[in-house]
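Chemist: here's my sequence, what's the structure:
(one chain, ligands or ions: 1)
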Amino acid sequence: MTQKIVITGGAGFIGSHLADACCRLPGQPEVVVLDNLRSGRRANLERNQHHSNFRWVEGSICDAPLVEQVCAGADWIFHLAAMISVPESLLNPRECVELNVNGTLNVLEAARKHGAKKVVLSSSAAIYGDDPELPKHEKLRPAPQTPYGITKLDGEYYLEMYRREYALPTVSLRYFNVFGPHQDPTSQYAAAVPIFIKKALAGETIGIFGDGQQTRDFVYVADVAAANLWVAQHSDLSGVFNVATGSTVTILELAQTIRTLLGSTSTIQHLDPRPGDIRASWSDPGKLFSTGFRPSHDLASGLKLTLEAARKE
Ligand SMILES: NC(=O)c1ccc[n+]([C@@H]2O[C@H](COP(=O)([O-])OP(=O)(O)OC[C@H]3O[C@@H](n4cnc5c(N)ncnc54)[C@H](O)[C@@H]3O)[C@@H](O)[C@H]2O)c1
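Modeler: Below is the predicted model:
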């Protein structure tokens, strides 16, 4: 029986959805979020405060004694806290290593010391880089191109090493492009979907980096939360899994779809290409699907829910 769950980065976009899902689990395990609000939001925490089994500890994954204290007695540890921005990682590679590698090591050490039953790392499709082979599958040789991608791959290697050397059960989930309600359109790290929605709702020009023909595999946030729970609940699962739908859309098509769904008059403007941007991102999610997991949403149904939430906000 799962009694305690730790979520690093649980004040963030994905982490707050995962925290909500964890709080609702049968038996109401204690759910502890460790987050220093580097890119997370108080509003995300406030949405979960009504769960009596939810607790937020304000602090950093770089504070090893604190991480150890928070992780004591945890059955599952979902490690999401990270420097999440590719451009920022190119500007500050050392800080990226400090957060994404040393922070991950702090979590692994605490998990090992306290005998956690599963550690799940939020990894990224960025580890595939611009390898022309499509769709991306887990057997491809990783080719990360930025400190963000390199440090996510380092994290995966450490999780595998802790599994092999210390018998610590670990899984790394390589998310493709996650979208859904409460994704911040105003942060400096904002992603395409929330920015396009905000601009379309305001009737403002939608800016697209480059020609807009770059492709992405969008996965709905509730499905990402469900994938985390799935691999934690299945003790036999370990290693690396893509988390995506297996279908792809261009950024230009995405902007046009959002504009149409909202009946917006926004125009689309092409901007200079962004450094470090990957041209084609399309997943083969077959490995995770073969375990019995399936996402419950496609892009259209996920966008519908996201737009409804954005209109309310
Ligand atoms: N959103 C995506 O499309 C996507 C795709 C691939 C991978 N990921 C990964 O998923 C995870 C969650 O991403 P997100 O989109 O929810 O981003 P987010 O910025 O909303 O969440 C990250 C959280 O980590 C916290 N954090 C950062 N540094 C910290 C530190 N030193 N100590 C404690 N907390 C800290 C932030 O405050 C934030 O709440 C990240 O690891 C990210 O790399 C996200």
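Chemist: Ala110 touches Leu66, doesn't it?
Modeler: No: using C-beta atoms under 8 Å as the test, Ala110 is too far from Leu66 to be in contact (9.4 Å). Backbone N, C-alpha and C define where each C-beta goes, glycine included.
Chemist: and the two? Which one has more around it.
Modeler: Ala110 (24 against 18; other C-beta atoms under 10 Å).
Chemist: ok so that one is a helix residue?
Modeler: Yes: assessed by DSSP: H, G, I helix; E, B strand; the rest coil, Ala110 belongs to a helix.
Chemist: how does the protein divide up, domain by domain?
Modeler: Domain ranges of the chain: 4-177+221-243, 180-216+247-282+297-312, per automatic domain parsing.
Chemist: strands of the stretch 51-200 of the chain, start to end?
Modeler: Taking DSSP state E, counting those that start in this stretch, the strands of the stretch 51-200 of the chain run over residues 54-58, 76-79, 118-124, 170-175, 177-179.
Chemist: how far off centre is the first one?
Modeler: What it means is strand 54-58. In terms of C-alpha atoms, centre = their mean, to the nearest Å, the centre of strand 54-58 is found 19 Å from the chain centre.
Chemist: which outside residues touch it?
Modeler: 10-11, 19, 23, 30-37, 45, 48, 66, 70 (C-beta atoms under 8 Å, 6 or more residues apart in numbering).
Chemist: that one pairs with which strands, parallel or anti?
Modeler: strand 30-35 (parallel) (DSSP bridges).
Chemist: helix or strand next in line after the partner strand, which one?
Modeler: helix 42-48 (DSSP states H and E).
Chemist: and that next one, which residues are buried?
Modeler: Residues of helix 42-48 classed as buried by neighbour count (16 or more other C-beta atoms under 10 Å): 44-45, 47-48.
Chemist: nearest to the ligand, of those?
Modeler: Of all those, the ligand sits closest to Asn44, with 7.2 Å by C-beta to the nearest ligand atom.
Chemist: I'd say Gly15 and His79 touch.
Modeler: No: if you go by C-beta under 8 Å, Gly15 and His79 don't touch, sitting 9.7 Å apart.
Chemist: joint contacts of the two?
Modeler: Common neighbours of Gly15 and His79, using C-beta under 8 Å, 6+ apart, are 8-9.
Chemist: skipping its backbone neighbours, what lies nearest Asn36 in space?
Modeler: Of all residues not flanking Asn36 in the chain, Ser60 sits nearest, at 4.5 Å (C-beta to C-beta, 6 or more residues apart in numbering).
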